[in-house]
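Student: Have a look at this prediction, sequence included:
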Amino acid sequence: MNKSITIGLLVGLLSACGSGSEKDSELPCPPTPIAIDVNTVDLSINDGAYQANSLIVFNELTFDFETNGVPVYAKGNEYDPQQKYRTDCVTAPVIIGTNNSLTQFNIYSTADFNSALTAGTSLNQVFTVASIDTGDLQSYYQDGDAPTLAQLQDSLPFDAPRYFTLKLNQAPEFESSHIFYIEIGIDEQQILLETTELLIAEN
């Protein structure tokens with residue numbers, strides 16, 4: 001996912017620079033958002049490089065999530081669509097956090113993962129959190145230290161992250177195709193995501 005695009009769209013402008021017309025230079029810079037109010041979550045598999053139903057080893061899969069939404073401004077410093085703003089202000093190279101809480105996260109498959117984890121059963125225990133970025137806190141985990149999604153679920157709610165990555169920590173019992181359904185709770189909103197068909201093997 002292209003973080004720079006999201007950053008460019010969502011972060012505020014810090015200060016004026018460059019030269020513009022005299023009229024433009026008298027205008028204020030747009031206000032800086034302090035957070036986003038999440039309304040969508042985007043998902044890509046292996047950064048969009050995975051081709052549907054092509055064979056892949058389980059530990060080579062990455063599930064990359066990005067939350068998006070509308071900018072939130074400090075009271076008294078809101079964006080005014082009727083106001084004209086300068087166009088030559090400098091963007092801040094930061095990731096702003098969310099104005100929301102992550103309240104639920106569950107993953108299911110349309111196929112049996114193994115004899116115990118049958119189709120429709122929560123697969124939170126077979127996914128680990130490789131990284132999570134809330135804007136205020138970035139956590140990157142090494143193999144063996146990464147919490148499972150089941151462990152993460154036990155600590156909810158907390159600030160909804162801007163970016164997070166999940167990986168499988170074990171293979172299905174047999175080489176098999178899976179479509180994963182992912183339930184994400186953002187405050188009282190429930191977002192349902194569906195992956196493409198993934199053909200997963202142990203090695």
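Tutor: The structure has been received and is ready for your questions. Numbering: from 1, shown residues only.
Student: Just the helices from this protein, written as ranges.
Tutor: 3-10, 22-25, 149-154 (DSSP state H).
Student: Name the stretch from those where average model confidence is lowest.
Tutor: Mean pLDDT is lowest for helix 3-10 out of the helices of the chain, coming in at a mean of 44.
Student: what about the strands in this protein?
Tutor: Remark: strands assigned in the chain by DSSP state E are 13-16, 35-45, 55-57, 63-72, 89-91, 101-109, 127-133, 138-140, 158-159, 163-168, 176-178, 180-186, 189-194, 198-201.
Student: Identify whichever of those strands lies nearest to residue 120.
Tutor: strand 101-109 (5.6 Å; CB to CB). Bear in mind the C-beta positions are built from the backbone N, C-alpha and C, glycine included.
Student: Please name the strands paired to that closest one in the sheet, noting orientation.
Tutor: Strand 101-109 sits in its sheet next to strand 158-159 (antiparallel), strand 180-186 (antiparallel), going by DSSP bridges.
Student: Pick the most deeply packed of these.
Tutor: Greatest average neighbour count among the strands paired with strand 101-109 goes to strand 180-186 (a mean of 19), per mean count of other CB atoms under 10 Å.
Student: Just grab the bridge partners of the residue nearest the centre of the chain for me.
Tutor: Nearest to the mean C-alpha position of the chain, by CA atoms, centre = their mean, lies residue 66 at 2.2 Å. For residue 66, the beta-bridge partners under DSSP bridges are residue 42, residue 163.
Student: Residue 193 now?
Tutor: Residues in beta-bridge contact with residue 193 (DSSP bridges): residue 182.
Student: Report the separation between it and residue 97.
Tutor: Computed as CB to CB, to the nearest Å, the residue 193 to residue 97 distance reads 21 Å.
Student: which one of the two has more residues nearby?
Tutor: Legend: neighbour count by other CB atoms under 10 Å for residue 193 and residue 97, higher for residue 97 (20 against 16).
Student: Now do the contacts for that one.
Tutor: By CB atoms under 8 Å, 6 or more residues apart in numbering, the contact list for residue 97 reads 35, 36, 134, 135, 136, 159, 162.
Student: cutoff 10 Å now
Tutor: 34-36, 67, 72, 133-137, 159-162 (CB atoms under 10 Å, 6 or more residues apart in numbering).
Student: pLDDT-wise, what's the bottom of the residues you listed?
Tutor: Lowest confidence among these: residue 137, with 65.
Student: Please verify my assumption that the residue nearest to the centre of the chain contacts residue 160.
Tutor: No. The pair residue 66 / residue 160 is not scored as a contact, 11.4 Å apart, by CB atoms under 10 Å.
Student: what sits in contact with each of these two?
Tutor: Joint contacts of residue 66 and residue 160 (CB under 10 Å, 6+ apart) are residue 41.
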